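Participant: Got a predicted structure here, sequence first:
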Amino acid sequence: MFLAIKELKHGKLRFLMIGVITVLIAWLVFILSGLGNGLSTLSAATFKNMNASYVTFEDDSRSSMSRSLLSESLAKKLENQTNVSAASAMGATMGTVLNHSDSDDKEKIDIAILGISPGSFLEPNVIDGKPLQASKPLEVIANDTLKKKGFKIGDTLKIEGSLEKMEIVGFVKNETYNHLPAIFTTLDKWRSIQFAAPGSDKGIEKPVNAIMLQGENIDSEKLNKLFNHTETVTKSTAVQGMPGYKEENGTIMMMLAFLLAISAFVLGVFFYVITLQKSNQFGILKAFGASNRFLGRAIVSQVFLLSFISIIAGILLTYGTALILPDEMPFSLDLKLVVLYALLLLVISVLSSLVSVRKITKIDPLQAIGRME
Amino acid sequence: MSGIQLKNVSKQYQQGENQVLALDDISLTVEQGEFIAVIGPSGSGKSTFLAIAGALLHASKGAVILNGKNLSELKPKDLVRLRLEEIGFILQTSNLIPYLNVLEQLLVVKKMAGKLVKEDKEFAKELLQSLGLATKLEKLPEQLSGGERQRTAIARAFINNPSIILADEPTASLDSMRAHEVVQLIAKETKIRNKAAIMVTHDERMLEYCDKVYRMEDGRLKHDDSFSHEKLKTISTKG
């Protein structure tokens, strides 16, 4: 630590340069993780937030709501199975709404219309207004991002392709589905929108897209056998089945992986080069009796310090960036992820310095004191 | 016994197909408080001699006994430790660490051995004071003159209270006034602190400060009587 700090102080410019590179890399890593987190929230927040652990889809639908069609009556049967404590059906469809109350602002907005049973565990808590009621099918609760589009409680919505007007009675938080703000309505209402065309329900009685299950250690294999043409998967598999979810996440993850690899090499090479530059100095110290351990620790602690400071700076810059990013940007920083990536960066940089440590162990003190050819 | 003893030390090198005998049956004893010089032309084996005495190289034959320890019996790790604790090196150039000030140059050697205690700092200051560097403690190497740098290196050699001091052409990079000053200081510290000191040099003007002079030629070491002990003694006490 002694040598490390003294040298950092002495060679400010040199270490500042590599520090800046590390800051930029860390900054980009955190921004990407925020973006990835924001995107996956946008894509599947409703799924992620719902208090269910398993989802039952139609067989061969590959865990996708849009490909799956089941009868609502299945929910009752599933509820009676072992380990299943509750089951509730859900339907999803995409739509476009117009704010009917505000005549000045006639902007069309894309939304996800989610059909649920009012009062079931699938209904999110309202942060404003009142919840859904089965007896009032024309009332909906909406994600609070619609507030920014000018919607208020009591406003009426007109869904394109439907003649009915619906009223917003409550707002919920952080409910997005398939990159769109979610609007919750009753299953019946949802069905009347989704299956308006005759025959589109394929003759299924009370069709829904999927049935969410609550309960621990549900034997999905057994359920698959018991109910023909169904497939029960964990919630995380269902999240992966959201349209575009895997692709978006995969892209971001790939970029993150490359960034981490690049940071390892940049730091590794930089410290290797300055170790080479100092190999004579290290050799002399070894002649004086410095152990490899002592010198290795000097390098590793230097890398650690520099990375640590740079990563902290990167985190601060990222939170600063978050403040100025437009609200529409799918950017949300998860403190857990930030800490995780910070630690990962730190570990990678320290590991990359081991190349230099290895170099030190190979330095011959005899050569350094310049007396042997 | 303390000090250093070389008993019938030989060193052979394989150079291509030839066997080179760099050291040929050398015996030498340097007692505590004794400052000896080894002179000789380049290629005579001085470097090899220094490397072996400095525990940086193993002898092919014979024994090197440093402060009662036979170096050939020590493991590499223990040799590193031994160099740290028992040997003080003074090299041709001061080889100071560019980003440490004068005091820290000494303390870092102490740190290699373990935790730094208050006494170490006191001792470092005392050493630097006796080498005339009391006002330069906070200076970086780049702010020092050549002589001051070499004096810092001398202080560094003494900081761990070693048994022997090995000086390798310590005056090579200095003008003659500074050279005299530096060798004088090595001699003085050796006497005050009761160390065994060996200086390898080709600068015959510096021999007046030494107790004994050995001449190295083709790997053989001979005591050089032309510099009689008495004569050297009188000069060195004068100096």
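Facilitator: All right, it came through fine.
Participant: what residues does the stretch 251-373 of chain A put near chain B?
Facilitator: A:281, A:284-291, A:294, A:365-366, A:369-372 (Cβ under 8 Å from any Cβ of the partner chain). Quick note: C-beta positions are derived from backbone N, CA and C, even for glycine.
Participant: Looking at those, which are in helices?
Facilitator: Residues of those located in helices (DSSP state H): A:Q281, A:I284, A:L285, A:K286, A:A287, A:F294, A:P365, A:L366.
Participant: Which one of the residues you listed is nearest to A:A257?
Facilitator: Nearest to A:A257 among these, counting by Cβ to Cβ, is A:F294 at 34.8 Å.
Participant: Which pLDDT does the model give that closest one?
Facilitator: pLDDT for A:F294: 92.
Participant: What strand or helix carries the nearest residue to it once chain neighbours are set aside?
Facilitator: Among residues not flanking A:F294 along the chain, B:M112 sits closest, at 5.2 Å (Cβ to Cβ, 6 or more residues apart in numbering or on different chains). If you go by DSSP states H and E, B:M112 is part of helix B:102-113.
Participant: Please apply the same query to A:I193.
Facilitator: helix A:187-194.
Participant: Over to A:S356?
Facilitator: Element membership for A:S356 (DSSP H and E) is helix A:354-362.
Participant: before we move on, back to that, pull the CA coordinates from the helix holding A:I193 and hand them back as PDB.
Facilitator: The C-alpha trace of helix A:187-194 is given here as PDB (Å, rounded to 0.1, in the frame of the first residue of the first chain):
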ATOM      1  CA  LEU A 187     -61.600 -10.500 -18.000                       C
ATOM      2  CA  ASP A 188     -65.000 -10.200 -19.600                       C
ATOM      3  CA  LYS A 189     -64.300  -6.700 -20.800                       C
ATOM      4  CA  TRP A 190     -60.900  -7.800 -22.100                       C
ATOM      5  CA  ARG A 191     -62.600 -10.700 -24.000                       C
ATOM      6  CA  SER A 192     -65.100  -8.400 -25.600                       C
ATOM      7  CA  ILE A 193     -62.200  -6.400 -27.100                       C
ATOM      8  CA  GLN A 194     -59.800  -9.300 -27.900                       C
END
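Participant: packing partners for that helix?
Facilitator: strand A:86-99, strand A:108-116 (3 or more Cβ pairs under 8 Å, 6 or more residues apart in numbering or on different chains; DSSP states H and E).
Participant: Mean pLDDT, mean neighbour count and distance to B:T171 for the ones you listed - can I get that in a markdown table?
Facilitator: Shown next, in a markdown table, are the helices and strands packed on helix A:187-194 (pLDDT from 0 to 100; neighbours: other Cβ atoms under 10 Å in any protein chain shown; distance: least, Cβ to Cβ, whole Å):
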| stretch | mean pLDDT | mean neighbour count | distance to B:T171 |
| --- | --- | --- | --- |
| strand A:86-99 | 90 | 21 | 88 |
| strand A:108-116 | 91 | 21 | 85 |
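Participant: which one of those strands lies closest to chain B?
Facilitator: strand A:108-116 (60.8 Å; Cβ to the nearest Cβ).
Participant: Name the residues of the next helix or strand after the closest one that are buried.
Facilitator: Per DSSP H and E, the first helix or strand lying C-terminal to strand A:108-116 is strand A:126-129. Neighbour counts over strand A:126-129 (16 or more other Cβ atoms under 10 Å in any protein chain shown) mark A:V126, A:D128, A:G129 as buried.
Participant: gap between A:N37 and chain B?
Facilitator: A:N37 sits at a distance of 42 Å from chain B (criterion: Cβ to the nearest Cβ, to the nearest Å).
Participant: what helix or strand is that residue on?
Facilitator: Judged by DSSP H and E, A:N37 forms part of helix A:12-49.
Participant: so that helix versus strand A:108-116, what angle?
Facilitator: Helix A:12-49 runs at 50 degrees relative to strand A:108-116, counting by axes from the mean of the first three to the mean of the last three Cα atoms, to 10 degrees.
Participant: Quick check: next helix or strand after helix A:12-49?
Facilitator: Sequence order places strand A:54-58 as the next helix or strand after helix A:12-49, per DSSP H and E.
Participant: and the very next helix or strand once past that next one, what's its mean pLDDT?
Facilitator: Per DSSP H and E, the first helix or strand lying C-terminal to strand A:54-58 is strand A:70-71. Strand A:70-71 carries an average pLDDT of 92.
Participant: about what we covered before: just checking, what packs against the helix holding B:M112?
Facilitator: Counting contacts by 3+ Cβ pairs under 8 Å, 6+ apart, helix B:102-113 packs against helix A:2-10, helix B:76-86, helix B:118-130, helix B:146-158.
Participant: And the contacts of the third one?
Facilitator: For helix B:118-130, contacts defined as Cβ atoms under 8 Å, 6 or more residues apart in numbering or on different chains pick out B:102-103, B:106-107, B:110, B:134, B:136-137, B:152, B:155, B:158-159, B:188-189, B:192.
Participant: Just say which of the helices and strands packed on helix B:102-113 is most tucked in.
Facilitator: Across the helices and strands packed on helix B:102-113, averaging neighbours per residue (mean count of other Cβ atoms under 10 Å in any protein chain shown) puts helix B:146-158 on top, at a mean of 25.
Participant: how far off helix B:118-130 does that helix point, in degrees?
Facilitator: With the same axes, to 10 degrees defining the directions, helix B:146-158 sits at 140 degrees from helix B:118-130.
Participant: and helix B:146-158, what's its mean pLDDT?
Facilitator: Here helix B:146-158 scores 93 as its mean pLDDT.
Participant: Follow the chain on from that helix and name the next helix or strand.
Facilitator: For helix B:146-158, the following helix or strand on the C-terminal side (DSSP H and E) is strand B:164-168.
Participant: For the residue nearest the centre of chain B, give the beta-bridge partners.
Facilitator: Ranked by distance to the mean C-alpha position of chain B (Cα atoms, centre = their mean), the top residue is B:L166 at 1.4 Å. Bridge pairing for B:L166 (DSSP bridges) gives the partners B:F89, B:I198.
Participant: wouldn't it be in contact with B:F49 here?
Facilitator: No. Counting by Cβ atoms under 8 Å, B:L166 does not reach B:F49; the two are 9.9 Å apart.
Participant: hey, what's in contact with both of these two?
Facilitator: Jointly contacting B:L166 and B:F49 under the rule Cβ under 8 Å, 6+ apart are B:V200.
Participant: in stretch B:198-214, what counts as buried?
Facilitator: In stretch B:198-214, counting by 16+ other Cβ under 10 Å, buried: B:198-201, B:203, B:206-214.
Participant: ok, so what distance separates the closest residue in space to A:Q302 that isn't next to it in sequence from chain B?
Facilitator: Using Cβ to Cβ, 6+ apart and skipping residues adjacent in sequence, the residue nearest A:Q302 is A:A4, 3.8 Å away. Plainly put, A:A4 is 11 Å away from chain B if you go by Cβ to the nearest Cβ.
Participant: Right, I'll leave it there.
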